[in-house]
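1. Below: sequence and its predicted model.
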Amino acid sequence: EVLALLVLVSPLLRGLALHLHSAVTGSYVPGTHSIAFVNCLNEQIAKDIARAIMDKKLAAYVNILPKSSALYFWKGQLEESTEILLLVKTRTSKIGELSNYVRSIHPFEIPEIISLPIDQGNPLYLKWIEENVPRD
């Protein structure tokens, strides 16, 4: 009942209530962590951005996926290129800061920075993400 009341009172308290619920029950709250996708022009840019993200402690883990083909519309024209994709594992609460930071260092005019919440996973891995990305 107290948890339900806290959820209704305030979004800030809702976050606290979910965290307390997770701590008490030992269960993972879906969406607490996210995977962000960031596209990069080449492997060097990908490595530089990945390292910068890690240096700022905005993620616990970044995969650098190999070159893939991409088709997209840019300024009204269909374009084709290759790109490197970063998979960034972090706290959902860090996505805004991560997005702002990547936009500030990324060479693309409009870099792809999108995220998906992690619904479930290995509890030990999810706890490890939490331990390696400082709270806000």
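-> Nice, thanks for sending it over. Residues are numbered from 1 along each chain as shown.
2. In contact with the residue nearest in space to the middle of the chain, which residues are there?
-> In the chain, the residue lying closest to the centroid (C-alpha atoms, centre = their mean) is residue 36, at 3.6 Å. Applying C-beta atoms under 8 Å, 6 or more residues apart in numbering to residue 36 gives the contacts 59, 86-88, 90, 95, 98-99, 113-115. In this view, the C-beta of every residue, glycine as well, is placed from N, C-alpha and C.
3. can we see that at 10 Å?
-> By C-beta atoms under 10 Å, 6 or more residues apart in numbering, the contact set of residue 36 is 53, 58-59, 62, 86-90, 92, 94-95, 98-99, 102, 112-116.
4. Of these, select the buried ones using a ChimeraX command.
-> The buried subset of the contacts of residue 36, as determined by 16 or more other C-beta atoms under 10 Å, is captured in ChimeraX by this line:
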select :53,58,59,62,86,88,89,90,92,94,95,98,99,102,112,113,115
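5. Quick check: bridge partners of the residue nearest to the centre of the chain?
-> Beta bridges link residue 36 to residue 88, residue 115 when assigned by DSSP bridges.
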